[in-house]
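Visitor: need the 3D shape of this:
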Amino acid sequence: MAVASRIAFFKFEEGIKQNPNGISLSNTYILDLTYCRKDNELIIITKSDIRIYDVENGKCKRMYASVVEDESEITSFCLNNENRMIIADNSSNIRWIRYLDGSLSFHKNLQKNDLWNLSMDFFNRLICFGTASSDIIITYSNHRDFQILRRIKNAQMGQEINQLIVCTYLNLIASSSQCKIINVWEYTTCKLIGSCSYDLLEVLSIAFARPYKVLVSSHSDGHLVGWNIKESLQDFQFFEKLFIFSLSEDAITTKMQIFEDNNTNFLSFANDKGYVGYLKFDDICIKNNAKKIEDKKNSPNYNAYRTETIDQKIPLEEMIKHVKLAINKATKIEEEKVNSSQLKIWKAHQEPINCLKILEMQTIYFATSSGSFILKIWNLQEELVAALNIEALLPYKWDLRSLYKIDNRNKLIRAFVCMELINKENQENSSFTPFDPSSFLFKTEVSNLEENPKKVSTFHEIIKDINDEANKYSIVI
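Guide: This is a model prediction of the structure:
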């Protein structure tokens, strides 16, 4: 018997890298990343390629190059429900890439609409785009079909949309641009709910704080502002500030994301001094009487597949005039002091952080990058658990804990429970021959359950072994 192995050599040079097929790969920094729980893999996106890493050991398993044209750059990315990667570029293209092999599944060119933001509505399987031509486009799409459902033309008064988020729970979209004004729209009807601006200062990041009807924005002077989002019948409504605070005296919050842990909302953040941290956010909302609302998706009038085209015809000069008047009339509020016991902050990088992602595995992790090849992953105790250079073959450090094996164990347990239920149904129905699971033998190779991984066990012994192992992780079956 002959055994053959294939060895792939990568040539590393300054500014260029080639794969075994001679394809040149540009050295670009980490643009985005996400966690694929189904396959227990970490997806890292640069401007020119996509790299898949094994969460168990931090090794690169696959790299997909040439996913965009030579002169184009990836601007936005998401992984949809069907395990297909959706990428948008600065040449008006959107592509569906098969996750397992990197092949092209579907391609659409939106013609003169450079796609700079992409937000996925996982519940309804819709995609929302922000464009350089100031449009917001909501589409239904899969790997075979593409349909524009709703479009908001001139959403940011002709300015390129640089921030876009969708919250289906609140049924809202928020967008911002270089004009320093945040507009909030109803997601299903594309109606303009209102606008807000903090002294016409640059908007660096925005986030919805569900279940509170609150929008949080970070600005170029270092302040974070909470806006009270309320509906009105007026043609133009300026949202009132609910609270304002800063997380550091001499640093500017560049990235921000709200996450939930143990039924408590936290605000994660990164700043231009290389610091990262999180803040218990529920206390701030409750203190300022923020309004909690029920999930809007349960409303009888909710229809995410409605078709609509809105042309926002307000000129930029007129909108700025309205905003300035509203700022002058707005009630002044005092800056809040953040309780140090509710704030965790630590030094993560020497440079400003350009990428901050929450990874929900066995616990909550923060993934950070600072416009380089280096990825660092932190736990909530401020400990560095993983460090990776995407240009190196092996990680510097890797100690992540995922739920992948636990998920598989749960699936196996549920399968056995279903077999027991089927057996009970069969015993109650005399037309079926009873099945005795104790007489049926299963061959297992689960090394974590027994010292001898190839032990032949009965049904009830396997259930006991798996439950004993599950109890170690406090799994509720």
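
Visitor: any regions of the stretch 201-350 of the chain where pLDDT drops low?
Guide: Across the stretch 201-350 of the chain, the ranges flagged by pLDDT under 70 are 233-236.

Visitor: quick one: the helices in it, in order.
Guide: 282-287, 316-329 (DSSP state H, counting those that start in this stretch).

Visitor: which of those is buried the deepest?
Guide: For the helices of the stretch 201-350 of the chain, average neighbour numbers computed from mean count of other Cβ atoms under 10 Å are highest in helix 282-287, which has a mean of 16. From N, CA and C alone the C-beta is placed, and that goes for glycine too.

Visitor: starting at the chain centroid, how far to that one?
Guide: Chain-centre distance of helix 282-287: 24 Å, with Cα atoms, centre = their mean, to the nearest Å.

Visitor: by contact count, what packs against that helix?
Guide: strand 240-246, strand 264-271 (3 or more Cβ pairs under 8 Å, 6 or more residues apart in numbering; DSSP states H and E).

Visitor: so which residues make contact with it?
Guide: The contact list for helix 282-287, computed with Cβ atoms under 8 Å, 6 or more residues apart in numbering, reads 209, 212, 214, 226, 243, 245, 264, 265, 336, 339, 342.

Visitor: drop anything exposed from the residues you listed.
Guide: Neighbour-count burial (16 or more other Cβ atoms under 10 Å) is assigned, among these, to 209, 212, 214, 226, 243, 265.

Visitor: just flag the most distant two among those.
Guide: By the measure Cβ to Cβ, 243 and 265 form the most distant pair in the buried ones among the contacts of helix 282-287, at 14.1 Å.

Visitor: buried stuff in stretch 44-64?
Guide: 44-55, 58, 60, 63-64.

Visitor: and if you look at stretch 334-345?
Guide: 338, 344, 345.

Visitor: out of those residues, flag the one nearest to residue 160.
Guide: Nearest to residue 160 among the buried residues of stretch 334-345: residue 345, at 31.8 Å, using Cβ to Cβ.

Visitor: list the beta-bridge partners for the closest one.
Guide: Residue 345 has these beta-bridge partners by DSSP bridges: residue 277.

Visitor: who's in contact with it?
Guide: Contacts of residue 345 were listed using Cβ under 8 Å, 6+ apart, and they are 247, 248, 275, 276, 277.

Visitor: what do you get if the cut-off is 7 Å, keeping everything else the same?
Guide: Residues near residue 345 by Cβ atoms under 7 Å, 6 or more residues apart in numbering: 247, 275, 277.

Visitor: how about the helices and strands packed on helix 282-287 in JSON lines, adding distance to residue 352?
Guide: Supplementary listing: these in JSON lines, determined by distance: least, Cβ to Cβ, whole Å:
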{"stretch": "strand 240-246", "distance to residue 352": "17"}
{"stretch": "strand 264-271", "distance to residue 352": "7"}
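
Visitor: most neighbours per residue, which of the ones you listed?
Guide: Compared across those, strand 264-271 shows the largest average neighbour count, a mean of 23 (mean count of other Cβ under 10 Å).

Visitor: can you list the strands that that strand pairs with?
Guide: strand 253-261 (antiparallel), strand 275-280 (antiparallel).

Visitor: show me what contacts the residue nearest to residue 163 when sequence neighbours are not counted?
Guide: Nearest non-adjacent residue to residue 163, counting by Cβ to Cβ, 6 or more residues apart in numbering: residue 176, 4.2 Å away. If a contact means Cβ under 7 Å, 6+ apart, then residue 176 has 162, 163, 182, 203, 206 as its contacts.

Visitor: with residue 380 instead?
Guide: Residue 380 sits in contact with residue 364, where contact means Cβ under 7 Å, 6+ apart.

Visitor: and for residue 95?
Guide: Taking Cβ under 7 Å, 6+ apart as the contact definition, residue 95 lies against 67, 87, 104, 107.

Visitor: filter the residues you listed to the buried ones?
Guide: Buried members of the contacts of residue 95, counted by 16+ other Cβ under 10 Å: 67, 87.

Visitor: is it true that residue 417 lies in a helix?
Guide: Yes. Per DSSP: H, G, I helix; E, B strand; the rest coil, residue 417 lies within a helix segment.

Visitor: that older thread, so which of the helices and strands packed on helix 282-287 gets nearest residue 309?
Guide: For the helices and strands packed on helix 282-287, the distance to residue 309 is smallest for strand 240-246, at 30.6 Å, taking Cβ to Cβ.

Visitor: convert the C-alpha atoms of that closest one to PDB, please.
Guide: Extracted in PDB, the C-alpha atoms of strand 240-246 (Å, rounded to 0.1, in the frame of the first residue of the first chain):
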ATOM      1  CA  GLU A 240     -34.000  64.200  23.300                       C
ATOM      2  CA  LYS A 241     -30.800  63.200  25.100                       C
ATOM      3  CA  LEU A 242     -31.500  60.600  27.900                       C
ATOM      4  CA  PHE A 243     -28.000  60.600  29.300                       C
ATOM      5  CA  ILE A 244     -24.400  61.500  28.500                       C
ATOM      6  CA  PHE A 245     -21.200  60.200  29.900                       C
ATOM      7  CA  SER A 246     -17.500  59.500  29.000                       C
END
